[in-house]
Structure formats: structure tokens, C-alpha cells
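Trainee: My questions are about this predicted structure, shown below with the sequence.
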Amino acid sequence: MPTLIRLVIVLLFLAGLVYGGMIVLVSMVEPTQKEVRVRIPTRDLLAEPQRESGGGLPDLAPNVGGGD
């Protein structure tokens, strides 16, 4: 039983060190911001999306129009 208690104490101590390290990182480190640019070709912006025929999901919506 004493080895189990010693193991639990060591694990709690290590968890406390990790938790303390995270608190120090949060309080001491400031993230830097920078501008990010992503170039998108014009042909991709103006191109019509291609529709797949028959390869999509089936239409499972109920027919609410009351059609016969």
C-alpha cells in the first residue's frame, strides 16, 4: 500500500508541475500576429462549380406537397 500512495503522490506532483508550467506559459508568452495572404487564381473564383450527376446523396426528403 505505501508504494501505491508514493506513486499517487509522484503522479500528483508531476501533474502539478505540468499545470504550473501551463500557467507560466499563459502569463509570460504573448503570441505574435502577422498578416497572412492566400492567392486564389481568378479562374477558380469565376469558374462554375461542377455538379455531379447521380453521384451525390439520394433525396430522402418527404414529399410534403401532397402530390399524387
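Mentor: Perfect, I can see it now.
Trainee: so how far is Leu7 from Phe13?
Mentor: Going from Phe13 to Leu7 by C-beta to C-beta, to the nearest Å gives 11 Å. Bear in mind the C-beta positions are built from the backbone N, C-alpha and C, glycine included.
Trainee: all strands of this structure, in order?
Mentor: Under the criterion DSSP state E, the chain carries no strands.
Trainee: Okay, helices next: where are they in the protein?
Mentor: Secondary structure of the chain (DSSP state H): helices located at 2-28, 42-46.
Trainee: Over the shortest one, what's the mean pLDDT, rounded is fine.
Mentor: The one in question is helix 42-46. Averaged over helix 42-46, pLDDT sits at 81.
Trainee: Put the alpha carbons of it into PDB.
Mentor: Output of helix 42-46 as PDB, limited to C-alpha atoms (Å, rounded to 0.1, in the frame of the first residue of the first chain):
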ATOM      1  CA  THR A  42      -9.200  34.300 -60.800                       C
ATOM      2  CA  ARG A  43     -10.200  31.200 -62.800                       C
ATOM      3  CA  ASP A  44     -11.100  29.500 -59.600                       C
ATOM      4  CA  LEU A  45     -13.200  32.400 -58.500                       C
ATOM      5  CA  LEU A  46     -15.100  32.700 -61.800                       C
END
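Trainee: List the buried residues of that helix.
Mentor: For helix 42-46, burial by neighbour count (16 or more other C-beta atoms under 10 Å) applies to no residue.
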